[in-house]
Structure formats: structure tokens, C-alpha cells
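>>> below is the sequence, then the predicted model.
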Amino acid sequence: MAVSLYTSRVLLNTLGIQDFGIFSVVGSIVILFEFINGSMTASTQRFLSFEIGKGNSIGLDKIFSMSINIHVLIAAITLLLAETIGLWFVKTHLTIPNGRLDAALWIYHFSVLSFILTILRVPYNAMIIASEKMQAFAIISVIDVVMKLLIVFILLVIDFDKLKLYGLLVFGATLIISFLYKAYCKYRFRALSYRWKWDKNLFKTLLSFAGWNLWSNIAYIAFTTGINVLLNIFFGPTVNAARGIAYQVNGALGGFVANLRVAMNPQIIKSYATGDTLYMTKLAFTGSKFSFFLLLVLSLPLLIDIDVVLKLWLNIVPEYTALFCRLVIINTMVDCISAPLSTIAQATGKIKVYQITTGLLFFSILPISYLFLQFHFPPETPHYINIFISVVATITQIIMISRLVTFSRIDFLKEVVIPILFVSLLACVLPLFIYFTMDAGFSRFLCITFAAIFSSLSSIYLVGMRQEERQFVKAKMSLIISRTNMK
């Protein structure tokens, strides 16, 4: 997280607000094509985890090989669309300052190539996650972070157009990471090998499952990219820079929660494959609650007093950055409650109604935001709309999942939602008291941070945990203390 925040600062200072905004909005156009890949990513991870759960090595081999074929096809389609429709949109519809179109096109082409590599490595990444080889996943992630750090140092020492150079360096880093994923899979899963064969029935099965995910991905990416484009059209690249920084902060915080879900999702799917729905539900409940708690501990100091952090972190703070950061983090906290539940839907395979409904809800954010912006509402309006729709979507997802599996809405309310609400309220009291009684400055932020961590952890332990969870924590703490004393 520290590296991510540091690199964001250096990037903003090195590129400048204008070029950072160009990078954010142009990069979002490339991500627009993620809807093709995202649907197949979920499908690949689900079927690989399902076959591992059943212990079917033959089926696993077929799915792995077919998923590689499909992702090569997706990469080719994405490249075609990105270099035709996407390129046309960048040239004709985005607000690019005079003299920077050439650099914007440079970053666009390299972003497309980086994205193509990301698509091609999906089957290898999915295999590592499905097999729960989290140590390898963690090591490659650390290498990725180190390379991002190297990129910002190279930007500082090489005298070349910084925006163009950044696109080239990111592509190089993506190439290395993609090679590492493939090399590890070849080394670790020697019994699993790619065999060229086009299995029509398996292709239909994977594509049928991915089809409903496709709609959900189209809706999600349309509104995230669409909001970025709307802000560019109505307010210019400076607001895009503020939004880009907000999502970098959110990505640094959300990375911890994402890693927790990566470790938990295969277990949820495998539990369903073996018929252990009781354990599956328990995992999902625990994942929802502790994902929120983890994000609360990390983000509460920033939610309360992020302005001083931004001033220390960034030499240049674009307007709206602090507000955008708060709103994006709050939205992520809402979303993380329902994320493990969506894995249950993926595990059952009964995702048609689920994906159509959630997709429609998230897609509605874009036209509603456009309508408000047309009536001259401020730039933060789409974020408020996003939070409201996320709350509605979470409630809707809980209701739909309860109809798919043995899942009590009352139990979810008692074991997840109510503890989350009580912990959130109690955790805020002490840091908010400090915020309103001390003068603004770094000293106040430090006091708020310590108070927030203490009050969050105390509230989680006393109010947010069940008796067996507290006993588990006690046992782990006793073990750690005993080992420390032995040393």
C-alpha cells in the first residue's frame, strides 16, 4: 500500500495534473474492453475451482486448454476493437489539451498492448488461485509492486516525454509479470499441459456461463468508464486527475480486501462442488463481515482527516481529490459486503437473473449521472449516485442469493449487517472527538490514526465477533506470545 501511494505521488508530480488526467481518462477507454475478458475470467476461475473440488483431473486439463484458446480469441477481438472503435473515440471525443494528442495516442497504444497481455495470462492466474497457491501469487504480486517502484525512479532520471515513457515502462512490466505467471504454472503443474483442441460442447458451456457475466461486466465497466468520460467532457482532465488519485488510494486500501477474497473464493466454490453448503454459507458470512472490518481499520483515519495526508503526500492536490477519495472508499466498503455472496452465485451456476438484475442497477448509474450533470450538478454527484445504487444492489443481492441456496436473510442481518453497523458507529466516536477538538495538522492526524485503530479493533473484538471467533483470536494471540517468550 505504501509503495502504491508513493508511486501515485511521484506520477502526479512527474506527469503533472494535465498529463495525469490524460493518462486516467485514456486508460479508462482501454479498460472499457474489459467487459469481454472479465466475463471469461470469472467463468474460468469458477470451472477450474469446481473441477479441483471434485478431483477431476481430466476435466481440469480440458478446461485449462480450452480457456487458453478462448482467451487468445478474446485478445484478438479486443485488439481489433481497441485499435478501431477505441482509437476513433480517443481522437474525436475526448478533451485532450493542445499539443498532447500524440502523447495521448502513445499511452493509449501501450495501454492496449498491456491489456492484451493481461488477457492472455488469465488462465494461468486462475489456475494458481483455484489451486490456492497463494504464496506464489503473493510473490509475483510483490515483484509487480517492486517493478512499479522502479518505473517511477526511471521516470525521474530519463529525459524523455514522461507520459510516453510511462506507457512503455508499464508495458514492459506487464510483459515480465505475464511471463512469471506462465513459467510458474509450467513448473508447478507439470501434469497440466496445454493441448490444442477445440471442444464445441465445452466452449458452449464456458461461453454460456460467461454470457450472463458478460452483461454484468458490460454494465459495470460502462458506468465506471462512462463516468470518467462524462467528467472529462463536463469538467476537463483536472477532475479526471482527482478521480484517478481517488481510485489509486482506493486501490491501495482495497488490495488487502481483494487478496482476502482471492484466498476465500476457491474455498466457497469447492465447498459447493462437494455439497457442503453449510460451510460455504459460513465462509461467505465471515468473508463479508471481515472484509468490511479490514477496510474499516485501514480507511477510517483517511475518511476522517484525509486532507492533511493529501497535502503531505502530493505536492499538487487537484480540486475535489479529498471528497472523491472519501466517496470512493465508502462505496467500496458497501460493495465488499456483498462480494462473497456473488461468489456463491457463481458457484451455483444459476446466475442469469442475478447478473441481469445487478447489471441493470449498476448500468443505471451512467444515465442518471448524465441527467444530473446536464442540470449543472457538481462533479461529485456521480459518486453519490454510485453509493446509493450500491446500497440498493447489496440488498437486492442478499435477497437473490437467499433464494439460490440455503441462506437465511435474518441470519445475514444478525451475523453480518448489525455487527457492521454497531462496530462502525462505535469506532468513529473517539477519532471524531479528536478531529473536532484538536487543531488541524499532522499531529491531529496521528492522534486520529491511533484512536481509529484502537477503537476499531476494540469494537470489532467486543461487538463484531462471535464467541467462537473471539476464542480463536485468543488462542492465536496466546500462541504468538508463547513463541515470543521461548525466543
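Alright, I've got the coordinates. Numbers count the residues shown, from 1 in each chain.
>>> what's the pLDDT at T394?
On the pLDDT scale, T394 is placed at 91.
>>> next: W313.
pLDDT, the model's per-residue confidence, is 77 for W313.
>>> for it, grab the count of nearby residues.
The burial metric for W313, expressed as a neighbour count using other CB atoms under 10 Å, is 16. (C-beta placed from N, C-alpha, C; glycine too.)
>>> next: Q18.
17.
>>> gap between it and P318?
Counting by CB to CB, to the nearest Å, the gap from Q18 to P318 is 10 Å.
>>> same thing with A451?
According to CB to CB, A451 and P318 sit 29 Å apart.
>>> where does the chain have low pLDDT?
Across the chain, residues meeting the criterion (pLDDT under 70) sit at 1-9, 28-42, 54-58, 191, 208-212, 476-487.
>>> which residues in it form strands?
With DSSP state E as the criterion, the chain has no strands.
>>> quick revisit: now for Q18 and P318: what residues contact both?
Shared contacts of Q18 and P318, defined by CB atoms under 8 Å, 6 or more residues apart in numbering, comprise 238, 241.
>>> now do the helices in the stretch 101-250 of the chain.
Assigned helices in the stretch 101-250 of the chain, in chain order: 101-120, 122-130, 134-157, 162-188, 200-235, 237-273 (criterion: DSSP state H, counting those that start in this stretch).
>>> from those, which stretch is densest packed?
Stretch with highest mean neighbour count among the helices of the stretch 101-250 of the chain: helix 122-130 (a mean of 24; mean count of other CB atoms under 10 Å).
>>> alpha carbons of that helix, in PDB - could you do that?
The C-alpha coordinates for helix 122-130 follow below in PDB (Å, rounded to 0.1, in the frame of the first residue of the first chain):
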ATOM      1  CA  VAL A 122      -5.800 -15.100 -17.200                       C
ATOM      2  CA  PRO A 123      -5.900 -18.900 -17.400                       C
ATOM      3  CA  TYR A 124      -2.500 -19.200 -15.600                       C
ATOM      4  CA  ASN A 125      -3.500 -16.700 -13.000                       C
ATOM      5  CA  ALA A 126      -6.900 -18.500 -12.500                       C
ATOM      6  CA  MET A 127      -5.100 -21.900 -12.100                       C
ATOM      7  CA  ILE A 128      -2.800 -20.500  -9.400                       C
ATOM      8  CA  ILE A 129      -5.800 -19.100  -7.500                       C
ATOM      9  CA  ALA A 130      -8.000 -22.100  -8.000                       C
END
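>>> that helix - contacts with which helices or strands?
Based on contacts counted as 3 or more CB pairs under 8 Å, 6 or more residues apart in numbering; DSSP states H and E, the elements that helix 122-130 packs against are helix 34-54, helix 57-81, helix 134-157, helix 162-188, helix 237-273.
>>> if we use 6 Å, what do you get?
With contacts defined as 3 or more CB pairs under 6 Å, 6 or more residues apart in numbering; DSSP states H and E, helix 122-130 has these neighbours: helix 34-54, helix 57-81, helix 162-188.
>>> how about the ones you listed, which one is nearest L413?
Among the helices and strands packed on helix 122-130, helix 34-54 comes nearest to L413, with 27.2 Å by CB to CB.
>>> hang on, the earlier thing: for the helices and strands packed on helix 122-130, give me JSON lines that also has distance to N386.
Written out in JSON lines, the entries for those read as follows (distance: least, CB to CB, whole Å):
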{"stretch": "helix 34-54", "distance to N386": "18"}
{"stretch": "helix 57-81", "distance to N386": "26"}
{"stretch": "helix 162-188", "distance to N386": "27"}
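>>> for A104, find the nearest of these.
Nearest to A104, of all these, is helix 162-188, at 7.6 Å by CB to CB.
>>> and the angle for the closest one with helix 101-120?
10 degrees (axes from the mean of the first three to the mean of the last three CA atoms, to 10 degrees).
>>> what's helix 162-188 packed up against?
Applying 3+ CB pairs under 6 Å, 6+ apart, one finds that helix 162-188 contacts helix 2-31, helix 101-120, helix 122-130, helix 134-157.
>>> list the contacts for G359?
215-216, 219 (CB atoms under 6 Å, 6 or more residues apart in numbering).
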